[in-house]
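Student: Predicted coordinates and the sequence they were generated for:
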Amino acid sequence: MDPLRTTYRLLLALHPRVFRREFSDEILWVFDEIRSEERMGRLLWDCLLSLLRQHAQAEDLVESHAGAFGLEINNSYLAALPLLRGGVLASLIIFAFVTELGRFHSVDYPTNSLLSRRVYRPACEDFQPRKNSKQSVAIKPLQAKHIMGRDF
Amino acid sequence: VPVPLNPAPLHILVALAAEDLHGYGIMQAIKRQSQGAYKLGPGTLYDNLKKLMDQNLVVNVPQAEQNQNETRRLYRLTADGRATLTAEILRLESVISDARPHLSKRRPKKA
């Protein structure tokens, strides 16, 4: 199971029903097409913004329809709804940032970055093979290549 | 006086002016138009497509008119959409023609 795709689907599932029924399959298809060329954080952020916009539009629609029938929306449930939505969205935004941060540090880590040089290179340079040990000497370049992602 | 269009709907209308496209095709066309400077996410794209469809500027291409091999939904610019795009392009042209003479002018020196 792909956790990022699942997160994206979850965000789509939170969209208003009318929008979801009409577009969610297509959006997911476009997501699958472009996910290799776009930053995942950007895609999740874009989906979150879409979620906000669609809910804002849906609320406008409900109010206008209710107004047309002479109804007033003032019960406590509807009053608390924006707060609930705000809480859910804030959690999702934090989750999206954490996910993106995790991806940055785990998958696409730039091997020649400052952090890489400071953290990993000293570890390689400090590696001292034991004298008279052919095996240790043979391991050193392999380890360095594995850690740094390039030959020395 | 025509209301100025936001960048996203403007790019979508320009992309659809040339041919009927599906969602991913629209994104690719916008990327080409702007030489990669303006990228639209799928959420923003479909938000704007929905809005344009609600305004009857864009419609779905009927299934009967689509290629048999094409399983994805295609979008098409309507006559209203083309008129809106034309009005926006004329507005932008007038903005550019007003602005161009001022670009070469130097600021007056302070006394």
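Tutor: Nice, I can see it.
Student: need the residues of chain B near chain A, please.
Tutor: B:22-24, B:27, B:39, B:41-47, B:49-50, B:72-73 (Cβ under 8 Å from any Cβ of the partner chain). To be clear about C-beta, it is placed using only N, CA and C from the backbone, and glycine gets the same treatment.
Student: farthest-separated two in the residues you listed?
Tutor: Across the residues of chain B next to chain A, no pair lies farther apart than B:39 and B:73, at 21.6 Å, counting by Cβ to Cβ.
Student: Okay, now the unreliable bits of the chain?
Tutor: Picking chain A for this. A:59-152 (pLDDT under 70).
Student: that's the wrong chain, I wanted chain B
Tutor: In chain B, residues with pLDDT under 70: B:1-2, B:106-107, B:109-111.
Student: all strands for it, in order.
Tutor: Taking DSSP state E as the test, the strands found in chain B are B:58-60, B:75-77.
Student: In TSV, list those along with distance to residue B:14 and mean neighbour count.
Tutor: As requested, those are exported to TSV (distance: least, Cβ to Cβ, whole Å; neighbours: other Cβ atoms under 10 Å in any protein chain shown):
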stretch	distance to residue B:14	mean neighbour count
strand B:58-60	12	18
strand B:75-77	10	20
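Student: is it possible to export the ones you listed to CSV including distance to residue A:40?
Tutor: Formatted as CSV, those follow (distance: least, Cβ to Cβ, whole Å):
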stretch, distance to residue A:40
strand B:58-60, 29
strand B:75-77, 26
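Student: Could you list which residues are in contact with residue B:57?
Tutor: The neighbours of residue B:57, taking Cβ atoms under 8 Å, 6 or more residues apart in numbering or on different chains as the test, are B:9, B:13, B:77-78, B:80-81, B:84.
Student: on that earlier part again, buried by neighbour count, from the residues of chain B next to chain A: which ones?
Tutor: Buried members of the residues of chain B next to chain A, scored by 16 or more other Cβ atoms under 10 Å in any protein chain shown, are B:22-24, B:27, B:41-47, B:49-50, B:73.
Student: which one of these is nearest residue B:58?
Tutor: Nearest member of these to residue B:58, counting by Cβ to Cβ, is residue B:49, at 6.4 Å.
Student: surely that closest one meets residue B:73?
Tutor: No. If you go by Cβ atoms under 8 Å, residue B:49 and residue B:73 don't touch, sitting 10.0 Å apart.
Student: list the residues that contact both of these two?
Tutor: In contact with both residue B:49 and residue B:73: residue B:23, using Cβ under 8 Å, 6+ apart.
Student: quick revisit: among the contacts of residue B:57, which are located in helices?
Tutor: The helices, defined by DSSP state H, take in B:9, B:13, B:80-81, B:84 from the contacts of residue B:57.
Student: Please check these and keep the buried ones.
Tutor: Applying 16+ other Cβ under 10 Å to the ones in helices among the contacts of residue B:57 flags B:9, B:13, B:81, B:84 as buried.
Student: Just flag the most distant two among the residues you listed.
Tutor: B:9 and B:81 (9.6 Å).
Student: can you list residues touching both of the two?
Tutor: Between them, residue B:9 and residue B:81 share the contacting residues B:52, B:57, judged by Cβ under 8 Å, 6+ apart.
Student: Just give me the neighbour total for residue B:40.
Tutor: Per other Cβ atoms under 10 Å in any protein chain shown, the neighbour tally for residue B:40 reads 23.
Student: Next, the contact list for it, please.
Tutor: B:8, B:11-12, B:26-27, B:30, B:48.
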